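In: Everything below, folded, please.
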Amino acid sequence: MSKFSKFVAVVLMLGVIGVYTPVQAQTVDELNAQIQSLLAMIAQLQGQIAGGGSTGGSASYTYTADLTLGSTGADVTALQQFLVSKGFLTMPAGASYGYFGPLTKSALASYQASVGISPAAGYFGPITRAHMNSMVVVNPSVSPSTAPGVSPTPSGLSGGVGNITVTALSTYSAEQVGEGEEDVKILAFDVEADDDSDVQLTAIKVEFHEDDTTGSDRDLPDYAESVSVFLEGDKVGEEDTDSFSESNDEWSKNISLSNAIIRAGDEMTVAIAVSALTNLDSADIDSDDWSVGVSSIRFVDGTGVSLTESFTLDIDDDSADETLEKKFDFGAFADVSDAELKVSLNNDDDAINEAHVVNVNSGSTDTDNVEVLSFTLEAEGDSDVLVKDIPITVTTTGETDESVIIKAANLVMDGETLSTKDVAAGGAVTFDDLDFTIDAGDTVELLVTIDVQDLTGTLDEGDTAQARVEVASIQAEDESGEDLATADLTGSATGEAVTFYDTGIMVELISVSATAVDLSGAQTTSSDRGTYEIVFDVTAFDAAMYLDSTNPSDSGGLGTHDLNITGTGTLSADIEWISGDAVTEGSNSFTINEDDTARFKISATIVATSTGYTGISLGSLTYGTTSDEDGDILYNFNLEDFKTGNVYLVDR
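Out: Residues are numbered from 1 along each chain as shown. Model prediction:
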């Protein structure tokens, strides 16, 4: 046997002796955890021996495995020490050897490039392994000096004799783990290293018990696929439930940990998490009642001594009354994820959803892709949602058989038409086989357009159409493939009616204002008055139009612009052209030539007849297609914002 082999054997023996504690007998799992830790120590000492006792890497290590991101163990430690010794890798302060992370990958790629290994991708495969092993040299053996009964100091730890303080947390309590969910945290606690030493957590013993006595399955592997341990959000250990031991319906396992280092004086949070099976028996999860607890934590201090912190745990007493014990259960994915599909009008598309005029083509040319409804779908809860079918209803007026004036309806997302369907009598349309997914928490925008019949058919000027989403009839699934229930389909989306004209006007708001005139200081007693202005543009499309020029009133209609009054008072108002392409025509109208735009202002005064807040809004405009006549066409679309603020007026 070589001197080095003898030394390794001695180290192993001393490691086993050094980690013996009289508190309790060690389990096989605990010994396995210690052996893994000792193997990492041996790899470090082997590097030190080959380098004459230094901590730098050397080429005296024989590599046996391929290494890549996530690899751990002695090969990784030896590789890192070699890269450090060659100046390609600098280990961050507090980082321990033995884990192949992004820094190691980058350093290895640099070294590969320096020696001509191609590709220099940072993967430690057969080519790089052969290169490294070809540099193996025989160095004089050096006998380590290790005190009897003490294990060599683990890599990356400093300090002397150490201890930990464990504090239970209330972060997780009565958690529910949905089928198919991964790494759901169910128990958490803080671990603090004392000021005398860094510590490395090497194993945590986790126990489970199903407390329901009404017939639920009590086998943990029938519910969970694996159990994980997290340290400050990073997974440091995981075991499949098939490897757990069972005794009297209690399931336990010592979960080995890696890179779980807590520096002297620091406190870090440990969490226990469960990953559930994708298909749970509904008969089991309707009444299951689980307890989870931690009965021991094994750690190594700066002297290399392996210690165990034990906790009282009665996992089978149906009560989470111990220091590190919590209740939880498993549930159907839909119940746990709170999946919900919410339908809403798209607030960014008021121009589409509010009532407006549509300029249709003249003659026998159809008008396609008329935008009538813009809405959103939001996947609320913790599940992605697969949208399969979206039904809508198109309603028309003037011609009540939707199928004869609306040729087709289209569903559009991100500029792409997802589905085109004929519109049947009654207006029912189902966009089916959509099969697009909305990520949990995300929102998508959709647009409904219609293809409109030409004016030589049954479509007449002044006919209208509107669309709404039939929310309760949407077909959608959660991540587990379960259909969303009707109660999980919420919200609404109904567009206002659009009106079809071949010729006409479009109106756009420019500004509104309101001012109170206080007449309390007048020589004669007078009520306050408010002055109001509404400024807007009018565009004539496809022909010259004639906007009524008579003064607006609060009882207008055809032939007179209509103003609505908020509050009580006596109204006087007028309309004037202030800019743009318009001329006064006779005594009744303003002419706006085809495709021209003119700006108008309605000015109003209200004298208070009752004390309170008073304002005005535009109810409708009237216009005609011939000059010098009272307007015989009513424009009352998209006027919701044509309103002033209210001012306070006193009636005296």
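In: what's near enough to touch Leu187?
Out: For Leu187, the contact set (C-beta atoms under 8 Å, 6 or more residues apart in numbering) comprises 172, 271-272, 292-294, 324-326. (C-beta placed from N, C-alpha, C; glycine too.)
In: Any chance of the backbone angles for the residue nearest the centre of the chain?
Out: Centroid-nearest residue in the chain: Gly441, 4.1 Å away (criterion: C-alpha atoms, centre = their mean). For Gly441, the backbone dihedrals (degrees, to the nearest 10) come out as phi 90, psi -10.
In: Can you tell me the SS state at Tyr61?
Out: Put simply, Tyr61 is coil when judged by DSSP: H, G, I helix; E, B strand; the rest coil.
In: What is the neighbour count of it?
Out: A count of nearby residues for Tyr61, using other C-beta atoms under 10 Å, gives 22.
In: that older thread, dump the contacts of Leu187 into a markdown table; add secondary structure and neighbour count as well.
Out: Formatted as a markdown table, these follow (DSSP: H, G, I helix; E, B strand; the rest coil; neighbours: other C-beta atoms under 10 Å):
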| residue | secondary structure | neighbour count |
| --- | --- | --- |
| Tyr172 | coil | 17 |
| Ala271 | strand | 20 |
| Ile272 | strand | 25 |
| Val292 | strand | 24 |
| Gly293 | strand | 24 |
| Val294 | strand | 27 |
| Leu324 | coil | 26 |
| Glu325 | strand | 23 |
| Lys326 | strand | 24 |
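In: Can you tell me which of those residues is nearest Leu341?
Out: Tyr172 (28.2 Å; C-beta to C-beta).
In: Would you check how far apart that closest one and Ser252 are?
Out: 20 Å (C-beta to C-beta, to the nearest Å).
In: and what of Gly462?
Out: Distance from Gly462 to Ser252, by C-beta to C-beta: 79 Å.
In: Likewise for Leu103?
Out: Leu103 is 36 Å from Ser252, where distance means C-beta to C-beta.
In: Compare those two (neighbour count), which wins?
Out: Neighbour count, other C-beta under 10 Å: between Leu103 and Ser252, Ser252 has more, with 20 against 16.
In: chain center to the strand or helix carrying Ile204: distance?
Out: Assigned by DSSP states H and E, Ile204 belongs to strand 199-210. Put simply, strand 199-210 sits 32 Å off its chain's centre (C-alpha atoms, centre = their mean, to the nearest Å).
In: Restricting to C-alpha, output it in CSV.
Out: Output in CSV follows, covering the C-alpha atoms of strand 199-210 (Å, rounded to 0.1, in the frame of the first residue of the first chain):
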residue,chain,number,x,y,z
VAL,A,199,-20.4,25.9,10.7
GLN,A,200,-21.3,23.7,7.8
LEU,A,201,-24.7,22.0,7.9
THR,A,202,-24.2,18.4,6.7
ALA,A,203,-27.6,16.7,7.2
ILE,A,204,-31.1,17.4,8.5
LYS,A,205,-33.4,14.6,9.7
VAL,A,206,-37.0,15.2,8.5
GLU,A,207,-40.0,13.3,9.6
PHE,A,208,-43.6,13.0,8.3
HIS,A,209,-46.8,11.6,9.6
GLU,A,210,-50.3,11.5,8.2
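In: List the buried residues in it.
Out: Neighbour-count burial for strand 199-210, with 16 or more other C-beta atoms under 10 Å as criterion, is recorded at 199-210.
In: Tell me where the stretch 301-450 of the chain has helices.
Out: 333-337, 350-353, 402-405 (DSSP state H, counting those that start in this stretch).
In: what mean pLDDT does the last one have?
Out: With pLDDT averaged residue by residue, helix 402-405 scores 92.
In: The longest one now?
Out: Over the span of helix 333-337, the pLDDT mean works out to 75.
In: switch to numbering from 259
Out: Will do, 259 is the new start, and the previous item becomes helix 591-595.
In: neighbouring contacts of that helix?
Out: 434-439, 639-641, 698, 736-738, 740, 742-743, 746.
In: In ChimeraX, how would I select just the buried ones from those?
Out: Filtering these down to the buried ones (16+ other C-beta under 10 Å) takes a single ChimeraX command:
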select :434,435,436,437,438,439,639,640,641,698,736,737,738,740,742,746
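In: Return the subset of the contacts of helix 591-595 lying in strands.
Out: Among those, the subset assigned to strands under DSSP state E consists of 434-436.
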